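[1] Structure, please.
(2 chains)
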Amino acid sequence: MSAEHTAHGEGHHHHITPLSHYFAVFGALLVLTAVTVWIAQFHFGAANTLIAMLVATIKASLVALIFMHLLYDDRLNSLTFLFGLLFVALFFIFTLTDVYTRGFIDPVRDNHYLRDEQVAQLKLAAEAQQDLPAQYPKKTIGEDYPVAEDERVNPPAPPPPPAPPAAPATDAEGNVIAAPEEAPKPAFAVDPAKAEQGKALFASKTCAACHSLDGSKLVGPTMKGIWGRKEVMADGSEVIVDQAYWLESIKTPNAKVVKDFPPAMPVLPVSDEEAEAILHYVNSL
Amino acid sequence: MWLFLVTEVLLFSGLFVAYTVIKSINPVMWAEASKTLDVTMGTVNTLVLITSSFTVALATRVAQTNKKGEKNGQLVGLLAATVLLAGCFLVVKYFEYSHKIHMGLLPGTHYFYNGIDAANPHLFFGVYFLMTGLHGIHVVIGMIVLTWVMLRAMKGHFYEDYYTPVELGGLYWHLVDLIWIYLFPLLYLV
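    Model prediction:
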């Protein structure tokens, strides 16, 4: 500590980094940039991101330690910066534990994100106009109960709800086993328990952000009177909303997109059971 | 200064978290959309920023060794080079932006490009423009600060016992470089 420095109010010598260090770091940064661009041509899956972040972190450390003098500075500076990074890490950890585990909270089977290959498979099936793969069987909903207040469910619907078929096949308890295939606007038999479950899902799976329940047009089509509705697709084709279309729309949202709506729906972590519960809910209103 | 840099890191970390979440929900779309970015331009800009970081680091060193009262042409030159390189960065960015705006890749309701075969490609460009835009604002601020430091250097204000403005301006500029070191691979490469 020289007298001159003390006289200027500086308690210690500042470290002068040798020029060679600056040049070495500069060279290393150039080389590492080349490495990260070169290695990105190869496809290692998730490892690509890891490698890129590892290289970026080495580069960032060199800049912080040498160019920004953290290596020689007061340790308090390093500590401050590290605490900042700690809070960034906490930010990431808590947000991502939430995002990545939302699909696992519900104990329903098969409740996870659709993986890429499943999406591709469903897309292929949709393009080929084939039936959906076996894990998404077309289900038939029995007409257990006549729907109360049909007017509220389908107010603008031109065709009135059809009368129940004359003699539907029933099982021992009197429940209808199969619904008629060709009903113009079939009534939907709501299971109150499933509708209750669907109500919570409609909110937690963020459906409500884009789909209204009161007939108003948001980002996506309204859920009011969705069942059996004839939708015109962006390519001009027409689809009657049934169980299979409902599932397809949730699993591969952009396989078919209703005319005048953007292909904006994400693949959300919704299982078949949950999709059905939501269907019960929107038809219970 | 380091406390301020930490707040800057936290500011950007919000966008980095948004990036991670949106990418994890739309992995296929993300891969498709990021192909529209020009890796060459991104690489050039990375090299430009690294070089500018280098010149400003040298500038700090020159100021540290400068004798009192001397007007140091080397210091002024290095600071000018840094500001010039920052300008280069913005010019390349301008070409990238105008190309994307021309293609209809602006986020939100201004998005009208149909060439990406996946759901929600506009989300990628929302994140892209926010991250690079916020970074670009920092580049502009860095240029203003370093120009001011350069003007003072021309008057011979800085010497071995007083170089804090050069050092802090340099630190700010290094942070801009640090953020880009992460932005570049995240947006252009993976």
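
[2] residues in contact with B:W148?
    B:P165, B:G169 (CB atoms under 8 Å, 6 or more residues apart in numbering or on different chains). All C-beta atoms are positioned from the backbone trio N, CA, C, and that covers glycine.

[3] if you go through chain A in chain order, where are the strands?
    A:230-232, A:238-240 (DSSP state E).

[4] list the buried ones in stretch B:94-109?
    Of the residues in stretch B:94-109, B:E96, B:Y97, B:K100, B:L105, B:L106, B:P107 count as buried by neighbour count, 16 or more other CB atoms under 10 Å in any protein chain shown.

[5] these two touch, right, A:P269 and A:R102?
    Yes. A:P269 is within contact range of A:R102, at 6.5 Å (criterion: CB atoms under 8 Å).

[6] and the next element down the chain from the longest helix belonging to chain B?
    Longest among the helix segments of chain B by residue count, using DSSP state H, is helix B:121-154. Moving toward the C-terminus from helix B:121-154, the next helix or strand (DSSP states H and E) is helix B:164-184.

[7] okay, that following helix in CSV with CA atoms only?
    Extracted C-alpha coordinates of helix B:164-184, given in CSV (Å, rounded to 0.1, in the frame of the first residue of the first chain):
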residue,chain,number,x,y,z
THR,B,164,-14.0,4.6,-12.3
PRO,B,165,-16.2,5.8,-15.2
VAL,B,166,-14.1,3.7,-17.7
GLU,B,167,-14.3,0.7,-15.4
LEU,B,168,-18.0,0.9,-14.7
GLY,B,169,-18.9,1.7,-18.3
GLY,B,170,-16.8,-1.3,-19.2
LEU,B,171,-18.5,-3.5,-16.7
TYR,B,172,-21.9,-2.5,-18.1
TRP,B,173,-20.7,-3.3,-21.5
HIS,B,174,-19.4,-6.7,-20.4
LEU,B,175,-22.8,-7.5,-19.0
VAL,B,176,-24.4,-6.7,-22.4
ASP,B,177,-21.9,-9.2,-23.8
LEU,B,178,-22.6,-11.8,-21.1
ILE,B,179,-26.4,-11.7,-21.8
TRP,B,180,-25.7,-12.1,-25.5
ILE,B,181,-23.4,-15.1,-24.8
TYR,B,182,-26.5,-16.9,-23.5
LEU,B,183,-29.0,-15.4,-25.9
PHE,B,184,-27.1,-16.4,-29.0
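
[8] Can you list the helices and strands that that helix packs against?
    helix A:46-62, helix B:2-25, helix B:39-65, helix B:73-103, helix B:121-154 (3 or more CB pairs under 8 Å, 6 or more residues apart in numbering or on different chains; DSSP states H and E).

[9] quick one: buried residues of it?
    Using 16+ other CB under 10 Å as the test for burial, helix B:164-184 gives B:165-184.

[10] Next: stretch A:241-258.
    For stretch A:241-258, a neighbour-count test (16+ other CB under 10 Å) marks A:241-243, A:245-258 as buried.

[11] Just the ones of these in helices?
    Within the buried residues of stretch A:241-258, residues falling in helices by DSSP H are A:Q243, A:Y245, A:W246, A:L247, A:E248, A:S249, A:I250, A:K251.

[12] Next one: the last one, what pLDDT does it get?
    Right, A:K251. At A:K251, the pLDDT value in this model is 80.

[13] what does the second one give?
    Taken from the predicted model, the pLDDT recorded for A:Y245 is 86.

[14] check contacts around the residue lying closest to it once chain neighbours are set aside.
    Nearest residue to A:Y245 in three dimensions, chain neighbours excluded: A:V239, at 5.5 Å (CB to CB, 6 or more residues apart in numbering or on different chains). The contact partners of A:V239, by CB under 8 Å, 6+ apart, come to A:K230, A:E231, A:M233, A:Y245, A:K256.

[15] Tell me the bridge partners for A:V239.
    Assessed by DSSP bridges, A:V239 has beta-bridge partners A:E231.

[16] Go through the helices and strands packed on helix B:164-184 and pick out the most buried.
    Most buried of the helices and strands packed on helix B:164-184 by mean neighbour count (mean count of other CB atoms under 10 Å in any protein chain shown) is helix B:39-65; its value is a mean of 22.

[17] wait, does that helix contact chain A?
    Yes. Residues of helix B:39-65 contacting chain A under CB under 8 Å from any CB of the partner chain: B:39, B:43, B:46-47, B:50-51, B:53-54, B:56-58, B:61, B:64-65.

[18] Among the contacts of A:V239, which pair sits farthest apart?
    Largest separation among the contacts of A:V239 by CB to CB: A:K230 and A:K256, giving 13.0 Å.

[19] For chain A, which residue gets nearest to chain B?
    Nearest residue of chain A to chain B: A:G84, at 3.2 Å (CB to the nearest CB).

[20] That residue touches B:F12, doesn't it?
    No. A:G84 is beyond contact range of B:F12, at 10.9 Å (criterion: CB under 8 Å).

[21] Just give the closest residue to B:F95, not the sequence neighbours.
    B:M41 (6.9 Å).

[22] Adding pLDDT and distance to B:F4, write the residues of helix B:39-65 next to chain A out as CSV.
    Converted to CSV, the residues of helix B:39-65 next to chain A look like this (pLDDT from 0 to 100; distance: CB to CB, whole Å):
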residue, pLDDT, distance to B:F4
B:V39, 91, 33
B:T43, 94, 30
B:T46, 95, 24
B:L47, 95, 27
B:I50, 95, 23
B:T51, 96, 25
B:S53, 95, 18
B:F54, 95, 23
B:V56, 95, 17
B:A57, 94, 19
B:L58, 94, 23
B:R61, 92, 22
B:Q64, 90, 21
B:T65, 90, 26
